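S.K.: Return atomic coordinates for the entry below.
(2 chains)
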Amino acid sequence: MGVEQALGHIPALRRYARLLTGDATRADDLVQDTLERACIKWALWQPGSLLRSWLLSLMHNLHMNHVRDWRHDDGHAALDEAAQPSHDPTADLGRRLDLQQALAALPPPMREVLLLVGVEEYTYAEAAGILEVPVGTVMSRLHRARERLRELMADPARSAPCAPAAPLQLVKR
Amino acid sequence: MSEVSERVDDDELHAFVDAQIDAARLPAVLAWLQAHPDAAARVLQWQAQRLQLRQLARSIDVGDTPAALTDAVALAAARARRRTRRTLWPQAAAVLLLVAAALAGGRYWERWAAADAPAALAASPAFVHDAVLAHAVYVPDKRHPVEVGASDEAHLVQWLSRRLGSPLKVPSLARYGYRLLGGRLLPGEGTPRAQFMYENAQGSRVTLYVAVFEPGQAPDAAAFRSVRTGGEESFFWVEDRFGYALSGNAGGPDMQALAREVHGQLAR
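M.R.: Residues are numbered from 1 along each chain as shown, chains lettered A, B, ... in the order given. You can find the predicted model right below:
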């Protein structure tokens, strides 16, 4: 069997990439890079293992490279783990972030864990395999991701008249 | 309450949210949450996040897969095939056929796998493999079968001639009930290629693939030959620096008659 098996995973990869990057164009670029990488490295795929996981692993590596490249000029990906203090000085306190904005504000490594575990329903061990980190790292990223989301999405002023949350906006092509 | 004294850590609370908790630990987690309202509130929020995130994921409509993405796989597979052709041709031929089959919606797969076509295809010039692949990729495409439509045929021919570096002719298959849909430019080994697509009233499509080779790079001039890949049949021939392949559904039109017609018109 050959690389054409990847074709069946494209819709799922595109959805995942959309959440990961927050942008339709960038998502498809990432999927395309992933597929190309998969084609080049096809011989390295172990037929017994799950193809989707392998593809996500390739996407993870590419995404992390992109994030590093983009850090200087890209607001979306700029919040990397090290640069981000544990408290949240950047939050616009008058405003409640919707989920997508909050997701975008997470450092990419946290966002990945959240998506792999919460959306793709990988076990912690599987997610660790995809990201090539220890399970303990997955757990700590997951914990920080959820706590950050909680902070970002917390209604800052329960007493104030509740401003309608911005509707979920997905960039469509 | 002895269960409460069993400490439950954050990892286990997450595992509870993600339904990854060991069943044996479930009573302890529930007891912990009852005893610690702050932890219970947090777990509830995590759970809500998880649900919203899944909702968000479901709400994403990615639409049809852009051709660029399937092409990425098809072209890379074709490149891999070229790299390995000399040593691993049988496997590479299988990859080519599988890609084409997958792109055609997988419905030809069993027939193709069963057919003995790979041997014949393997023996034919490389441009024929590319033609077969391009045919399989673009013929099923409902929305973008061609890059430039036939409405401006003069422009289409001019454009492709310029890109291939040699004046092209587009034969008319109107006598056989096929009208020109248009054409597209494709990557080839060293030189760009052109594909013209025709369609009849029943929606059946045939493609004419044209390769213009660099001087000295053309395969040996070959008489009319055909190769069958499952349900599709390609007639190909080489004349001077040009390689042609006409591909279509073997069960549909009389491919040989069409090919002779094309050959006759191009030779004029």
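S.K.: buried sites along stretch B:173-181?
M.R.: Within stretch B:173-181, the residues that qualify as buried by neighbour count (16 or more other Cβ atoms under 10 Å in any protein chain shown) are B:L173, B:Y178, B:L180, B:L181. For every residue, glycine as well, the C-beta is placed using N, CA and C.
S.K.: Can you tell me which of the residues you listed is nearest chain A?
M.R.: Of all these, chain A sits closest to B:L181, with 24.2 Å by Cβ to the nearest Cβ.
S.K.: if we can go back for a sec, how about the buried residues of stretch B:173-181 in TSV, adding pLDDT, distance to B:I60 and secondary structure?
M.R.: Listed next are the buried residues of stretch B:173-181 as TSV, based on pLDDT from 0 to 100; distance: Cβ to Cβ, whole Å; DSSP: H, G, I helix; E, B strand; the rest coil:
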residue	pLDDT	distance to B:I60	secondary structure
B:L173	92	43	coil
B:Y178	92	40	coil
B:L180	94	38	strand
B:L181	92	33	strand
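S.K.: filter the residues you listed down to the ones near chain A?
M.R.: When these are filtered against chain A using Cβ under 8 Å from any Cβ of the partner chain, no residues are retained.
S.K.: Mind putting these into TSV with distance to A:A12?
M.R.: Rendered in TSV, the data for the buried residues of stretch B:173-181 read as follows (distance: Cβ to Cβ, whole Å):
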residue	distance to A:A12
B:L173	41
B:Y178	38
B:L180	38
B:L181	32
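S.K.: neighbours around the closest residue to B:R193 other than its chain neighbours, how many?
M.R.: Nearest-residue entry for B:R193: B:L186, 4.5 Å, with adjacent residues in sequence omitted and distances by Cβ to Cβ, 6 or more residues apart in numbering or on different chains. Burial of B:L186, expressed as a neighbour count using other Cβ atoms under 10 Å in any protein chain shown, amounts to 22.
S.K.: A:L142 too?
M.R.: Applying other Cβ under 10 Å, we find 25 other residues in the vicinity of A:L142.
S.K.: Show the contacting residues for it.
M.R.: By Cβ atoms under 8 Å, 6 or more residues apart in numbering or on different chains, the contact list for A:L142 reads A:M110, A:V113, A:L114, A:V117, A:Y124, B:H14.
S.K.: And those, which two are furthest apart?
M.R.: Taking Cβ to Cβ, the two most distant members of the contacts of A:L142 are A:M110 and A:Y124; they sit 14.3 Å apart.
S.K.: Looking at those two now, which is surrounded by more residues?
M.R.: A:M110 (24 against 20).
S.K.: Quick check: next helix or strand after the strand or helix carrying the more buried one?
M.R.: When secondary structure is defined by DSSP states H and E, A:M110 falls within helix A:108-114. For helix A:108-114, the succeeding helix or strand toward the C-terminus, using DSSP H and E, is helix A:124-131.
S.K.: Please tell me how far stretch A:139-156 is from the chain's geometric centre.
M.R.: The gap between the average C-alpha position of stretch A:139-156 and the chain average comes to 14 Å, counting by Cα atoms, centre = their mean, to the nearest Å.
S.K.: Show me which positions of it end up buried.
M.R.: By neighbour count on 16+ other Cβ under 10 Å, the buried set for stretch A:139-156 is A:139-153.
S.K.: Tell me which of the residues you listed fall in helices.
M.R.: A:139-153 (DSSP state H).
S.K.: between the residues you listed, which is nearest A:R26?
M.R.: Using Cβ to Cβ, A:A145 comes nearest to A:R26 of these, at 20.5 Å.
S.K.: what separates the nearest residue to that closest one once chain neighbours are set aside from B:G203, distance-wise?
M.R.: Using Cβ to Cβ, 6+ apart and skipping residues adjacent in sequence, the residue nearest A:A145 is A:M110, 3.7 Å away. Here the criterion is Cβ to Cβ, to the nearest Å. By it, A:M110 lies 50 Å from B:G203.
S.K.: Next: B:H14.
M.R.: B:H14 sits 54 Å away from B:G203 when distances are taken as Cβ to Cβ.
S.K.: about what we covered before: output the helix holding A:M110 as PDB - backbone C-alpha positions only.
M.R.: This file holds the C-alpha atoms of helix A:108-114, laid out as PDB (Å, rounded to 0.1, in the frame of the first residue of the first chain):
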ATOM      1  CA  PRO A 108       1.000  26.300  20.300                       C
ATOM      2  CA  PRO A 109       2.300  23.400  22.300                       C
ATOM      3  CA  MET A 110      -0.600  23.700  24.700                       C
ATOM      4  CA  ARG A 111      -3.100  24.200  21.900                       C
ATOM      5  CA  GLU A 112      -1.900  21.000  20.200                       C
ATOM      6  CA  VAL A 113      -2.400  18.900  23.400                       C
ATOM      7  CA  LEU A 114      -5.800  20.300  23.900                       C
END
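S.K.: Centre of the chain to stretch B:162-174, how far?
M.R.: On the basis of Cα atoms, centre = their mean, the separation between the geometric centre of stretch B:162-174 and that of its chain is 25 Å.
S.K.: What helix or strand is the residue in chain A positioned nearest to chain B located in?
M.R.: Each residue of chain A has a distance to chain B, by Cβ to the nearest Cβ, and the smallest belongs to A:C39, at 3.0 Å. Mapping A:C39 onto the secondary structure by DSSP H and E places it in helix A:24-40.
S.K.: list the buried ones in that helix?
M.R.: Taking 16+ other Cβ under 10 Å as the criterion, helix A:24-40 shows A:24, A:26-39 as buried.
S.K.: Can you read off the backbone torsions of the closest residue in space to B:P219 that isn't next to it in sequence?
M.R.: The spatially closest residue to B:P219, leaving aside those adjacent along the chain, is B:P125, at 3.9 Å (Cβ to Cβ, 6+ apart). Phi and psi for B:P125, reported as degrees, to the nearest 10, are phi -60, psi 160.
S.K.: Show me how the record splits the chain into domains.
M.R.: Assuming you mean chain A. According to automatic domain parsing, chain A comprises the domains A:1-78, A:92-157.
S.K.: actually it's chain B I care about, not the one you picked
M.R.: When chain B is parsed with automatic domain parsing, its domains come out as B:2-59, B:67-267.
S.K.: Now distance to A:L131 too, for these, in CSV please.
M.R.: Compiled in CSV, the domains of chain B are given as follows (distance: least, Cβ to Cβ, whole Å):
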stretch, distance to A:L131
domain B:2-59, 16
domain B:67-267, 23
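S.K.: Mean pLDDT lowest where, among those?
M.R.: Between these, the one with the least mean pLDDT is domain B:67-267; it has a mean of 77.
S.K.: Kindly check the end-to-end length of it for me.
M.R.: Using Cα to Cα, to the nearest Å, the end-to-end distance of domain B:67-267 comes out at 34 Å.
S.K.: quick one on the thing from earlier: check which helices and strands whichever helix or strand comes after the helix holding A:C39 is in contact with.
M.R.: Scanning forward in sequence from helix A:24-40, with DSSP H and E defining helices and strands, the next element found is helix A:51-70. The contact analysis (3 or more Cβ pairs under 8 Å, 6 or more residues apart in numbering or on different chains; DSSP states H and E) places helix A:51-70 against helix A:10-21, helix A:24-40, helix A:108-114, helix A:124-131.
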